[in-house]
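Novice: what follows is a predicted structure for the sequence shown.
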Amino acid sequence: MKKVKLSIVVPVYNVEKYIDECLKSLVNQTVNDYEIIVVNDGSTDNSLSICENYKDDKKIKIFTKENGGLSSARNYGIDKAKGEYIAFVDSDDWVVPNYVETIIMKLEEQYDVISFNVININDGWKDGTIRYIYNDFDKMSKSDIIKESLNPSFAWARVYKSDIIKKYKFPKENYWYEDMATVPIILSYANKIGHIDEALYYYRQRKGSITSSNMNPKSLGFITALENSLSKINQKYRECFLYAMYRSIVTFIYFKPEYSFEYLELYHKYKEEFDNNCYIQSDIKEGKIENLATKELIPKKIHYFWFGHGKKGELFQKCYQSWKEYAPDFEIIEWNESNCDVNECDYVKEAYENKKWAFVADYFRIKILKEHGGIYVDTDVEFKKHIHCLLLNKVFFAFETNNVNAAIFGCVPNANIINEVYNSYLNDKFINEDGDFKTFITIPIRLSKILKKNTEIKLDGHEQLLKDDIKIYSADVLTVDMYNNRNIAEHHYEATWWDAKYGIQSYKYNVLQYYFGNVADFDDYHGIMYHLKCIFRKIIPLSIRKGLKKILGRG
């Protein structure tokens with residue numbers, strides 16, 4: 001068979017919604033010296049039949065195999081390819097009309113690998129932002145290329161000389177981030193690496209893809225991929241790749257916080273090499289990258305309190321189920337009279353004797369977090385999203401108004417600020433000398449006062465990162481749902497602790513009033529107005545809406 005200049009491998013698995021756009025862009029190129037290798041990886045939808053609509057085009061060769069995953073499909077396509085060079089196009093992406101022509105022109109300069117710019121399309125799960133993935137390898141040394149080899153490592157963002165990609169194929173194991181297990185190795189052995197400073201490829205990120213998935217153990221493939229590259233890379237560039245590896249670990253701790261403990265373990269496995277790496281230590285010294293040697297994560301524990309032996313209501317059950325849904329790998333611990341000594345200090349003893357259960361819990365939530373670490377939640381706090389991102393700082397709180405919220409907060413064991421709060425209870429009493437209760441000194445007031453004394457916090461409702469790695473979230477994240485897609489946990493303000501409610505139905509009113517008066521920006525207002533508009537459309541019939549528009553002169 002006549003050899004062509006370029007083979008394009010397209011792995012296909014259950015992409016009936018996208019594959020036609022992909023193949024149409026590949027068939028309608030400005031030159032003809034290329035072939036398209038379509039590998040149907042055991043699709044169970046109509047993907048194959050859509051591919052077969054193109055079978056009369058001589059450039060397309062369609063193969064079907066049992067499902068084996070992306071690496072398997074790419075390797076199958078590599079074996080079938082006849083081109084001098086091989087490229088990859090994912091079946092939910094597409095390319096520009098001069099994709100092949102531009103690549104072939106660049107390959108005349110005899111490169112082993114070339115990269116190009118990419119247009120990133122967020123498909124449905126964000127607001128259609130566009131960006132370029134840019135690595136100008138033409139202007140970089142080989143060492144710098146390896147240092148940037150994971151930033152990003154997408155296989156489809158490059159073209160490879162056939163004999164190199166056939167020697168260093170994708171891993172046989174079926175795990176995610178297989179690009180990270182392959183591309184750095186190829187780059188480390190390539191003699192000449194170049195770049196095309198044009199956007200040739202449309203990368204579609206869609207809801208449900210790898211990058212948007214939560215709590216999928218395949219995300220641990222990131223670890224396997226990095227270790228695969230580290231073991232097989234040209235050892236001449238090991239130090240450079242260790243730098244790339246360290247930066248990726250930092251990135252993934254925040255990108256996939258549900259696996260932050262496993263990613264931090266990977267750092268500790270190679271800690272000695274990381275600590276002796278001049279590139280890493282230079283960036284740490286200059287403040288360009290986080291020092292993982294001092295990184296602590298909040299334990300995966302949820303603590304709640306139930307004093308007084310009362311019956312748990314429907315709201316508690318709803319909230320408890322949300323904890324199990326959005327923190328499935330957390331230990332949930334109930335604290336009550338059976339495992340708390342209610343006589344251990346004057347404050348808690350006096351509060352318990354007077355059946356002020358919430359104030360009993362105020363003391364113990366601090367004591368338990370001091371000793372065990374984890375996340376405290378009120379029994380009327382409902383989780384709306386996965387909460388693993390809350391583990392990434394040593395301490396976190398959230399604002400209510402211009403005070404911090406004590407309904408949900410967390411820390412590592414023996415955090416300095418929590419120790420300060422704990423000590424404040426040991427020297428306090430719940431009953432004043434005149435016999436009145438100190439219910440006016442609520443725990444949010446206590447926390448805010450101690451934070452103000454010990455940190456540079458601004459009690460203005462805005463998100464902040466303070467010394468000792470204390471994160472303060474704004475109210476829309478951990479207090480009240482403002483319908484701006486930021487809410488992780490919502491406090492429903494059952495407020496059983498109030499002696500009087502000061503003429504308002506719920507403290508939530510104060511939170512909303514303060515937030516929209518002092519903290520919210522245009523995007524927050526846009527989000528809540530959009531939500532109200534959706535509600536309006538659901539509850540008001542179309543005929544009435546049209547009538548209202550005419551009355552308002554908008555028909």
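Specialist: Perfect, thanks for sending it. Residues are numbered from 1 along each chain as shown.
Novice: burial count for residue 20?
Specialist: 17 (other CB atoms under 10 Å). To be clear about C-beta, it is placed using only N, CA and C from the backbone, and glycine gets the same treatment.
Novice: and it, what is it in contact with?
Specialist: Counting by CB atoms under 8 Å, 6 or more residues apart in numbering, residue 20 touches 50, 53.
Novice: and if you look at the one 3 residues further on?
Specialist: If you count contacts by CB under 8 Å, 6+ apart, residue 23 has them with 10, 36, 38, 50, 51, 54, 60.
Novice: can you do 7 Å?
Specialist: By CB atoms under 7 Å, 6 or more residues apart in numbering, the residues touching residue 23 are 51, 54.
Novice: how near is it to residue 48?
Specialist: Distance, residue 23 to residue 48, by CB to CB, to the nearest Å: 12 Å.
Novice: and the helices in the stretch 351-500 of the chain?
Specialist: Assigned by DSSP state H, counting those that start in this stretch, the stretch 351-500 of the chain shows helices spanning 357-372, 416-426, 443-454, 475-478.
Novice: let me know which of these is the nearest to residue 185.
Specialist: helix 475-478 (40.4 Å; CB to CB).
Novice: identify whichever of the helices of the stretch 351-500 of the chain lies nearest to residue 123.
Specialist: Nearest of the helices of the stretch 351-500 of the chain (CB to CB): helix 475-478, 25.6 Å.
Novice: packing partners for the closest one?
Specialist: strand 395-399 (3 or more CB pairs under 7 Å, 6 or more residues apart in numbering; DSSP states H and E).
Novice: show me what the strand it packs on is in contact with.
Specialist: Counting by CB under 7 Å, 6+ apart, 390, 404-405, 408-411, 415, 417-418, 447, 461, 468-475, 477-479 sit against strand 395-399.
Novice: pLDDT of that strand, averaged?
Specialist: For strand 395-399, mean pLDDT rounds to 98.
Novice: just name the shakiest helix or strand of the protein by mean pLDDT.
Specialist: Each helix and strand of the chain was given a mean pLDDT (mean pLDDT, DSSP states H and E); the minimum falls on helix 522-539 at a mean of 58.
Novice: is residue 372 in contact with residue 415, as I believe?
Specialist: No: in this structure, residue 372 is not within contact of residue 415 by CB atoms under 7 Å, at 11.6 Å.
Novice: those two: which is more packed in?
Specialist: residue 415 (22 against 16).
Novice: which non-adjacent residue is nearest that one?
Specialist: residue 395 (4.9 Å; CB to CB, 6 or more residues apart in numbering).
Novice: residue 352 too?
Specialist: Spatially, and ignoring its direct neighbours in sequence, residue 352 is nearest to residue 342 (4.2 Å; CB to CB, 6+ apart).
Novice: which phi and psi does that neighbour have?
Specialist: phi -80, psi 0 (degrees, to the nearest 10).
Novice: what count of nearby residues applies to it?
Specialist: Per other CB under 10 Å, the neighbour tally for residue 342 reads 16.
Novice: find the centremost residue of the protein, please.
Specialist: residue 255 (3.8 Å; CA atoms, centre = their mean).
Novice: tell me the pLDDT of that one.
Specialist: Value for residue 255, per-residue pLDDT: 93.
Novice: now swap in residue 120 and tell me
Specialist: 88.
Novice: same deal with residue 360?
Specialist: Reported pLDDT for residue 360: 92.
Novice: now do residue 4
Specialist: For residue 4, pLDDT reads 92.
Novice: I'd guess it is in a helix, am I close?
Specialist: No: with DSSP: H, G, I helix; E, B strand; the rest coil as the criterion, residue 4 is assigned coil and is not in a helix.
Novice: list the contacts of it.
Specialist: 33, 34, 35, 82, 83.
Novice: which of these fall in strands?
Specialist: Per DSSP state E, strands hold the following members of the contacts of residue 4: 34, 35.
Novice: of the contacts of residue 4, grab the buried ones for PyMOL.
Specialist: Buried members of the contacts of residue 4, defined by 16 or more other CB atoms under 10 Å, are picked up in PyMOL with:
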select buried, resi 34+35+83
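Novice: farthest pair in the contacts of residue 4?
Specialist: Farthest pair in these (CB to CB) is 33 and 82. Separation: 11.6 Å.
Novice: picking that back up, let me know which of the helices of the stretch 351-500 of the chain is tucked in deepest.
Specialist: helix 475-478 (a mean of 26; mean count of other CB atoms under 10 Å).
Novice: and that helix, average pLDDT?
Specialist: On average, helix 475-478 scores 96.
Novice: ditto for stretch 90-98
Specialist: 96.
Novice: please apply the same query to stretch 314-321.
Specialist: For stretch 314-321, the per-residue pLDDT averages 96.
Novice: now it: buried residues?
Specialist: 316, 319, 320.
Novice: columns distance to residue 432 and secondary structure on top of the residues you listed, output as TSV?
Specialist: TSV is the format used below for those (distance: CB to CB, whole Å; DSSP: H, G, I helix; E, B strand; the rest coil):
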residue	distance to residue 432	secondary structure
316	32	helix
319	33	helix
320	36	helix
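Novice: phi, psi of residue 94?
Specialist: According to degrees, to the nearest 10, residue 94 has phi -150, psi 170.
Novice: got the domain boundaries for this protein?
Specialist: 6-212, 301-516, 521-555 (automatic domain parsing).
Novice: in stretch 115-124, which residues are buried?
Specialist: Neighbour count says stretch 115-124 has 115, 116, 117, 118, 119, 121, 122 buried, by 16+ other CB under 10 Å.
Novice: quick one: residue 226 and residue 220, what's the gap?
Specialist: 11 Å.
Novice: neighbour-wise, which of those two wins?
Specialist: More crowded of residue 226 and residue 220, by other CB under 10 Å: residue 226, with 26 against 17.
Novice: hmm, who's touching the one helix or strand the more buried one maps to?
Specialist: In this assignment (DSSP states H and E), residue 226 forms part of helix 221-232. Here helix 221-232 makes contact (CB under 7 Å, 6+ apart) with 171, 175-178, 180-181, 184-185, 241, 245, 248, 252, 262, 266.
Novice: now that helix - C-alpha only, CSV.
Specialist: Extracted in CSV, the C-alpha atoms of helix 221-232 (Å, rounded to 0.1, in the frame of the first residue of the first chain):
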residue,chain,number,x,y,z
GLY,A,221,-4.7,6.8,36.8
PHE,A,222,-3.0,10.2,37.1
ILE,A,223,-0.6,8.6,39.6
THR,A,224,0.0,5.5,37.5
ALA,A,225,0.6,7.7,34.4
LEU,A,226,3.2,9.9,36.1
GLU,A,227,5.1,7.0,37.5
ASN,A,228,5.0,5.3,34.1
SER,A,229,6.6,8.3,32.5
LEU,A,230,9.1,8.7,35.3
SER,A,231,10.3,5.1,35.0
LYS,A,232,10.6,5.1,31.1
